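1. Fold the following.
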Amino acid sequence: MRALRVAVAIAAWVGIVLSTLFWTLLIALVYAGHSFWDPQLKLAHRLASIWGRGLVGMAPGSRVKLTGREHLPAGRPVIFMANHQSYVDVPALFFVPAQFKWMADMDLFRIPVFGWAMAMAGYIPVRRGDGREAVRSLQKAERLLKQGISVFVFPEGTRSHTGVLGRFQSGGFRLAADTGVPIVPVVVSGTRQLLPRGDWVFRWGARVWIDLLPAMDPPANRREIRPRMAEVRARMREACRRMLKDLR
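-> All right, here's what the predicted structure looks like:
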């Protein structure tokens with residue numbers, strides 16, 4: 001059985017690589033002329049969304065359930081904040097039906113082809129441990145929000161080793177406080193089972209569930225950042241527990 005799973009995983013990865021090459025080429029074509037007719041790279045994000053959803057679909061027997069669409073505020077940008085369990089989170093969260101830009105770890109942008117596509121789609125690399133670069137990333141995100149483009153962040157900063165929701169970093173909450181943009185917590189479950197950290201063989205028939213929680217007001221000022229972080233984390237932790245129970 002293990003040999004069969006490995007063979008299927010190899011076939012899936014070949015498909016993923018070929019798909020990534022194809023969609024990166026299309027995104028590159030959009031990027032080449034975007035300054036004339038698509039300065040916000042909205043089409044590049046739409047292409048990336050099709051690509052990401054397709055990548056998840058290549059995992060054997062995977063299924064994605066999305067709930068909470070009604071919690072997306074209409075006509076205004078938001079800051080999405082999601083838990084982080086697996087490299088699959090990024091392609092899976094492209095199922096969220098919104099125009100947004102990722103704030104993602106620099107390591108993702110270093111992946112050949114995949115990272116190039118991320119950069120050409122206008123997504124924002126975040127260099128952990130570099131305060132000056134972190135400020136630049138937040139400034140770029142602030143400019144996007146002022147242009148009406150939502151931003152997607154992982155407040156834990158990195159993937160969880162255990163699946164338990166980790167400590168939150170304050171960057172996304174500072175961004176919310178400075179721009180007055182509401183926060184939409186997003187909880188994803190099942191991606192860690194689909195592709196565990198440190199493994200490359202997909203688990204067959206994994207169910208991925210993405211739940212958009214009700215929007216929350218941004219911190220009114222910098223003093224409210226820590227209490228709002230605790231409130232968002234508590235809501236996400238409770239949703240994680242509920243989802244894990246329902247997926248069993």
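2. so after the helix or strand where T24 lies, what's the next helix or strand?
-> Counting by DSSP states H and E, the element that carries T24 is helix 2-37. As assigned by DSSP H and E, the chain's next helix or strand after helix 2-37 is helix 42-57.
3. Pairing partners for whatever helix or strand comes next after that following helix, with directions?
-> Counting by DSSP H and E, the next helix or strand C-terminal to helix 42-57 is strand 63-67. Paired neighbours of strand 63-67 in the sheet (DSSP bridges): strand 207-212 (parallel).
4. ok and the strand it pairs with relative to helix 42-57, angle-wise?
-> Our comparison of strand 207-212 with helix 42-57, counting by axes from the mean of the first three to the mean of the last three CA atoms, to 10 degrees, yields an angle of 150 degrees.
5. who's in contact with the residue most central in space within the chain?
-> Using CA atoms, centre = their mean, the residue of the chain that lies closest to the mean C-alpha position is V90, 4.2 Å off. Residues counted as contacts of V90 (CB atoms under 8 Å, 6 or more residues apart in numbering) are 52, 102, 104, 108. C-beta: built from backbone N, CA, C; applies to glycine.
6. Most neighbours among these, which one?
-> Among the contacts of V90, W102 has the most neighbours (other CB atoms under 10 Å), with 25 neighbours.
7. Tell me the first helix or strand C-terminal of the helix or strand where that residue lies.
-> Here W102, judged by DSSP H and E, is contained in strand 100-105. Toward the C-terminal end, the helix or strand that comes next after strand 100-105 (DSSP H and E) is helix 106-109.
8. Show me what secondary structure element comes after that following helix.
-> helix 114-120.
9. and that next one, what does it pack onto?
-> When contacts are defined as 3 or more CB pairs under 8 Å, 6 or more residues apart in numbering; DSSP states H and E, helix 114-120 sits against helix 2-37, helix 42-57, helix 106-109.
10. what would the contacts of V90 look like in CSV with distance to A239 and pLDDT?
-> What follows is the contacts of V90, written out as CSV (distance: CB to CB, whole Å; pLDDT from 0 to 100):
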residue, distance to A239, pLDDT
G52, 22, 92
W102, 21, 93
A104, 22, 84
L108, 25, 82
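11. any chance of these in JSON lines, plus distance to L66?
-> Formatted as JSON lines, the contacts of V90 follow (distance: CB to CB, whole Å):
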{"residue": "G52", "distance to L66": "13"}
{"residue": "W102", "distance to L66": "18"}
{"residue": "A104", "distance to L66": "20"}
{"residue": "L108", "distance to L66": "22"}
